[in-house]
Each structure stands twice: as C-alpha cells, then as structure tokens.
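Q: here's my sequence, what's the structure:
(chains A and B)
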Amino acid sequence: AQKVTQAQTEISVVEKEDVTLDCVYETRDTTYYLFWYKQPPSGELVFLIRRNSFDEQNEISGRYSWNFQKSTSSFNFTITASQVVDSAVYFCALSEYNTDKLIFGTGTRLQVFP
Amino acid sequence: NAGVTQTPKFQVLKTGQSMTLQCAQDMNHEYMSWYRQDPGMGLRLIHYSVGAGITDQGEVPNGYNVSRSTTEDFPLRLLSAAPSQTSVYFCASNKASYNEQFFGPGTRLTVL
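A: Modelled structure (predicted):
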C-alpha cells in the first residue's frame, strides 16, 4: 500500500532563513511519481513539482529545490532565503504507476515571520 | 480556459439532507477526483474516475456517490448528510494518473 508521511506538522522561521520540509513515502511499485503542492492561506492548491522514480536528479527552481533519494524513500523540499509569501501548507503526494490514485501526506504548515 | 470549477463555494446543510456538489473541467482531462480536506488529515480521496462511465472508490467513499456521464462533469452526491461530512471538498482533474492534478477552488460544507 502506498503511504506518504510528513512528520513536521508546523514549522516557523524568520524571513531569509532556509527551511527544509521532509517527505517520506512507502510504495511497493518500482514506477511511481512524487509531487509537491502548495496551499496558501487563500485555500487553492498549486502544483509545484513532479518527479518520477527513475529520475533522482535534484531539481532547483529559483529559491526552491528538491532532493529525491530512493535509498531513504524521501523527497524533501528546501526553500532558500524564505519570504513571508512562502507561508502556506505544503503537501507531498505519491502516485503509483499501476494505480490511478494520488495519495497525499498530511501537510506541513510553514509560517515565515518578517 | 476556466480550468476546474466547483459550485457552490459554501453550503450549510442539516443532518439528513442530500445535495450535489458540482465539478466541471474544460481541459478535456480523462481523470477526475474528489477529495475532502480536514484539519490535520491532509487531502483524502473520496472517489475518482478515469473516464466517462468509469468510477472507483478512494480512501473515504462512505456516504458519497459519484457518476461520470460526460468527460467534463463529475458531480459528488451526499445521500444523507452527517456532521462528520463537514469539510472542505476539492475536485481535481488530470490528463493521466502520473500527471499533475489541477484543483478547483473548493466547496466549504457545514452539516449541522
């Protein structure tokens, strides 16, 4: 069965600090996809990134970076030089190739204080 | 493109009432899903569909029905509302299971 664990319920940082959000997943499949979504205080869900299980390259997009490690079943998300606008709930999610479901973690609430 | 639209945005029901949450997408996506979001529990999958005429249960299907008669629409029916169904409901669509999902703005439902 597939499962996503985001152990950090809430993180608070001061602006310009770096912060890492952890995501650990479980799956029996060899082909799967991992996602991160952002939910700002306005409530909508915004797609950030997708990774497939065969691509372990780290990805950087501006101040955002993702570290995918199959050996530890983790797909962590780092925000460099955090800003107040980064305050949101961040969800990690997993989709196995031979199922049609997307399973979400419980989310991490990030608060960035000025 | 409007993307994924949901109506209504807010709804208050009394226990035992029934209602339908509407969801539509104009991106010609085959896959559509319904989630509920409760504090501390993330998004939990209620029902999903991989195409017109095909639906399946997710993690928390009890008390909800769905049908998919067209590619565009995926309504969620609450048969007899209960206070435990108080939640925020999100509809989503995607091209295939491994593609990113596009979410609607959500419906906040309160059952008294």
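Q: when you work out contacts or count neighbours from here on, use the C-alpha atoms and nothing else.
A: Will do.
Q: roughly how far apart are the residue of chain B found nearest chain A and A:Lys38?
A: Per C-alpha to the nearest C-alpha, the residue of chain B with the smallest distance to chain A is B:Gly42, at 3.9 Å. When C-alpha to C-alpha, to the nearest Å is the yardstick, B:Gly42 and A:Lys38 sit 12 Å from each other.
Q: for the two, list the residues in contact with both.
A: Counting by C-alpha atoms under 8 Å, 6 or more residues apart in numbering or on different chains, the residues touching both B:Gly42 and A:Lys38 are A:Phe91.
Q: any buried residues in stretch B:79-87, and which?
A: B:Ala81, B:Ala82, B:Gln85, B:Thr86, B:Ser87 (16 or more other C-alpha atoms under 10 Å in any protein chain shown).
Q: and what of stretch A:107-114?
A: Buried residues in stretch A:107-114, defined by neighbour count with 16+ other C-alpha under 10 Å: A:Gly107, A:Thr108, A:Arg109, A:Leu110, A:Gln111, A:Val112, A:Phe113.
Q: so the first one makes contact with A:Cys92?
A: Right, the one you point to is A:Gly107. Yes: with the criterion set as C-alpha atoms under 8 Å, A:Gly107 and A:Cys92 qualify as a contacting pair; they are 6.9 Å apart.
Q: shared neighbours of the two, anything?
A: Residues touching both A:Gly107 and A:Cys92 (C-alpha under 8 Å, 6+ apart) are A:Gln6.
Q: can you count the residues close to the residue lying closest to A:Ala1 once chain neighbours are set aside?
A: Taking C-alpha to C-alpha, 6 or more residues apart in numbering or on different chains, and ignoring the residues beside it in sequence, A:Ala1 has A:Thr27 as its nearest neighbour in space, at 6.1 Å. A count of nearby residues for A:Thr27, using other C-alpha atoms under 10 Å in any protein chain shown, gives 15.
Q: A:Ser74 versus A:Thr27, what's the distance?
A: 11 Å.
Q: any residues of chain B in contact with chain A? List them.
A: Taking C-alpha under 8 Å from any C-alpha of the partner chain, the part of chain B that reaches chain A is made up of B:40-45, B:48, B:50, B:58, B:97-106.
Q: could you flag which of those residues are buried?
A: Those of the residues of chain B next to chain A that meet the buried threshold are B:42-45, B:48, B:50, B:58, B:97-106, by 16+ other C-alpha under 10 Å.
Q: which residues touch the residue of chain B closest to chain A?
A: A:Phe91, A:Phe104, A:Gly105, A:Thr106, A:Gly107.
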